[in-house]
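# The amino acid sequence is not available; the structure is as follows:
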């Protein structure tokens, strides 16, 4: 994926606890696949604009974040950040990569979180047993600047920072 100095915009499926770790420790460990514009995605849509490919990777991360929601924190979360390519290993034929290391708060470009209406829908579906991932595909996550992280944790997740 390039030399040691090149960077990729990655989209990390996350949850409230991961956001708290990002705020408290200044970084969050990457333990699961991240999503980005991979060579497979570019080859699958050779005429697509870069912006459309980025949105596709972001949407995949939003779908993956469904597995991280809980009744206590029923909101999808995606953290968009820049990571050196040397820490990424693309997963063949996907918009995903295995990532080593962590995302550092200064490299976070944006935090995306479901609004209250979507959170209520997810909470109700979790009570019934499972979340309808297809229905959530059309819902856009709200955008927050990284400087708003403490406010997001407090107001959207009820998590107070120390």
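Perfect, thanks for sending it. On a predicted model such as this, the values are computed, not experimentally measured, just so you know.

# which SS class is the most centrally placed residue in the chain?
Geometric centre of the chain, nearest residue: residue 78, 2.3 Å, by C-alpha atoms, centre = their mean. The local conformation at residue 78, judged by DSSP: H, G, I helix; E, B strand; the rest coil, is strand.

# What does the pLDDT read for it?
Note on residue 78: pLDDT of 98.

# my guess is residue 89 meets residue 97, correct?
Yes. Using C-beta atoms under 8 Å, residue 89 is in contact with residue 97, at 5.9 Å. Where C-beta positions appear, they are placed from N, C-alpha and C, glycine not excepted.

# picking up where we left off before, got the contact list for the residue nearest to the centre of the chain?
By C-beta atoms under 8 Å, 6 or more residues apart in numbering, residue 78 lies in contact with 11-14, 58, 61-62, 65, 111-112, 141.

# for residue 96, same thing?
33-36, 38, 60, 90.

# Give me the phi and psi angles of it.
phi -120, psi 160 (degrees, to the nearest 10).

# so it bridges to which residues?
On the basis of DSSP bridges, residue 96 is bridged to residue 35.

# so residue 54 sits right up against residue 10, yeah?
No. With contact defined as C-beta under 8 Å, residue 54 does not count as touching residue 10 (10.6 Å).

# Might you list the low-confidence residue ranges for this structure?
1-5, 162 (pLDDT under 70).

# packing partners for the longest helix along it?
Looking across the chain with DSSP state H, the single longest helix is helix 50-64. Helix 50-64 sits against strand 7-14, strand 34-35, helix 39-44, strand 77-84, helix 133-136, with contacts defined as 3 or more C-beta pairs under 8 Å, 6 or more residues apart in numbering; DSSP states H and E.
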